[in-house]
Every structure is written in C-alpha cells, then in structure tokens.
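Student: have a look at this prediction, sequence included:
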Amino acid sequence: MTEISPQVREVVVIGADGVVVGSNAAGPERASRLADGARRLLEAAEPDQPGVAQLEAATVAGSVFVVRDGDRIIAATTSPEPTVGLVFYDLKTCLRSIDEPKPRARRRAAASEDPDGAA
C-alpha cells in the first residue's frame, strides 16, 4: 500500500470478525491501537451518518483515513495535507483487492497445466 500511495505511513486491515488481518505498523500493539482508533472514529460518526463508508480525521501532524467495505475496514495514517481523493481511492482498491486472485498466480497455474503453452 505504501508503495502505491507514498503519502500513507501506516495501514491496518480489520477483518469481519474485528481482528487485525494485516498491517505494516511497527508491531502488533501499534496495529491494534490504529485498529481501535479506526473503530472508534466510525462509531463516533454513526449517530450522525448511519452506514459511514469512509472518513478522514485531519490534524496538523497528518490524517487518519478509514474506509469500510462490507464487514471489513482499512485504516491508514498519512503525512500532513494528503491528496484526500487519491488516498481514499487507494484504500478502497487495496481493501477490495485482498480476496481477488493475483494475475501472476493465474499465469503460473496455467503454465503448470500445459508446459508447452499449447491451448
């Protein structure tokens, strides 16, 4: 995620069961803190905006972005004054791509089935 979105510092993905399923944070405690903060931001926004799908909380030190897609959540911290639309797009793309098969895996599987490459 940080390779395609250089403004992003830390990322955490929270599964449907509420457990952190992936993160680049410096250790599990930091990942857990970011996940807890993301959940609390969504909960705080819910009374005014039921079904919040995305939000940003900005400070002078940077922003926290939270995106919900179904039962899963992705949250990220960024540098100050990020390109908001781009960060949201990258987070949504990342979250939605988690369960999609990778193109290389499909090519390798096809090659192993037919070593000569014949159709």
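Tutor: That came through, no problem.

Student: by mean pLDDT, flag the weakest helix or strand of this structure.
Tutor: For the chain, using mean pLDDT, DSSP states H and E, the weakest element among its helices and strands is helix 103-113, scoring a mean of 51.

Student: I'd say residue 65 and residue 53 touch.
Tutor: No. Residue 65 lies out of contact with residue 53 (C-beta atoms under 8 Å); the separation is 11.8 Å. C-beta: built from backbone N, CA, C; applies to glycine.

Student: so what touches stretch 90-98?
Tutor: With contact meaning C-beta atoms under 8 Å, 6 or more residues apart in numbering, stretch 90-98 is reached by 1, 4-5, 8, 11, 13, 22, 54, 65, 67, 69, 72-74, 76.

Student: just the buried ones from those residues?
Tutor: Listed as buried from the contacts of stretch 90-98 are 1, 5, 8, 11, 13, 54, 65, 67, 72-74, 76; burial here means 16 or more other C-beta atoms under 10 Å.

Student: flag the least confident of these.
Tutor: Lowest pLDDT among the buried ones among the contacts of stretch 90-98: residue 1, with 64.

Student: can you pull the contacts of residue 46?
Tutor: Contacts for residue 46 (C-beta under 8 Å, 6+ apart) come out as residue 52.

Student: which of the buried ones among the contacts of stretch 90-98 lies closest to residue 40?
Tutor: residue 73 (11.6 Å; C-beta to C-beta).

Student: partner strands of the helix or strand containing the closest one and their direction?
Tutor: Using DSSP states H and E, residue 73 sits in strand 72-78. Partners of strand 72-78 in the sheet, by DSSP bridges, are strand 8-14 (antiparallel), strand 62-69 (antiparallel).

Student: got the angle between the host helix or strand of residue 40 and strand 8-14?
Tutor: Following DSSP H and E, one finds residue 40 within helix 28-45. Orientation check (axes from the mean of the first three to the mean of the last three C-alpha atoms, to 10 degrees): helix 28-45 against strand 8-14 gives 80 degrees.
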